[in-house]
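can't give you the sequence, but here's the structure:
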């Protein structure tokens, strides 16, 4: 997929110890879509860094581009990432079976979708 917009990446550095603990990136596409990805050092899992960084990048995409949806692909066994995506409003879209992952095993890969209109709906519910 060719990119219409640049590939954006955020390096995550907590203030207390100025070292990179992870990154969040987004590949912006041609069809009003973007794919988001993230990776964090295991020592910093379950501390809220990924949620905060992914949320910030999504807000940036929806406010600075004309894109209307963000997609994320995740190993179906990665329950923490699935929870993070659902917490941010992503909805399950599709599953590809028997995809080779980084550990060399065949597992399923799920695609989740977040639409810009859903962000607006969530914000209006929070205001009421």
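Good, I have the coordinates. Small disclaimer: the values here were computed from a predicted structure and weren't measured.

So what touches the helix of greatest length in the chain?
Scanning the chain for the longest helix, with DSSP state H as the assignment, gives helix 49-64. Under the criterion Cβ atoms under 8 Å, 6 or more residues apart in numbering, residues 8, 10, 12, 14, 21-22, 24-26, 28, 34, 36, 38, 40, 67, 70, 84, 87-88, 114, 116, 119 lie in contact with helix 49-64. Using the backbone N, CA and C atoms, a C-beta is placed for each residue, glycine as well.

sec struct for residue 77, please.
coil (DSSP: H, G, I helix; E, B strand; the rest coil).

quick one, what contacts it?
residue 107.

Quick check: the gap between it and residue 34.
24 Å (Cβ to Cβ, to the nearest Å).

What of residue 19?
For residue 19, the distance to residue 34 - Cβ to Cβ - is 28 Å.

between these two, which one's more packed in?
A direct count of neighbours by other Cβ atoms under 10 Å for residue 19 and residue 34 places residue 34 higher, at 26 against 9.

So for the more buried one, what's the pLDDT?
Looking at residue 34, its pLDDT is 86.

Next: residue 54.
On the pLDDT scale, residue 54 gets 91.

Now do the host helix or strand of residue 73: everything it contacts.
Following DSSP states H and E, the helix or strand that holds residue 73 is strand 69-75. Contacts of strand 69-75 with the rest of the structure, by Cβ under 8 Å, 6+ apart, involve 26, 32-37, 58, 61-62, 81-82, 85, 90, 93, 99, 101, 107-116.
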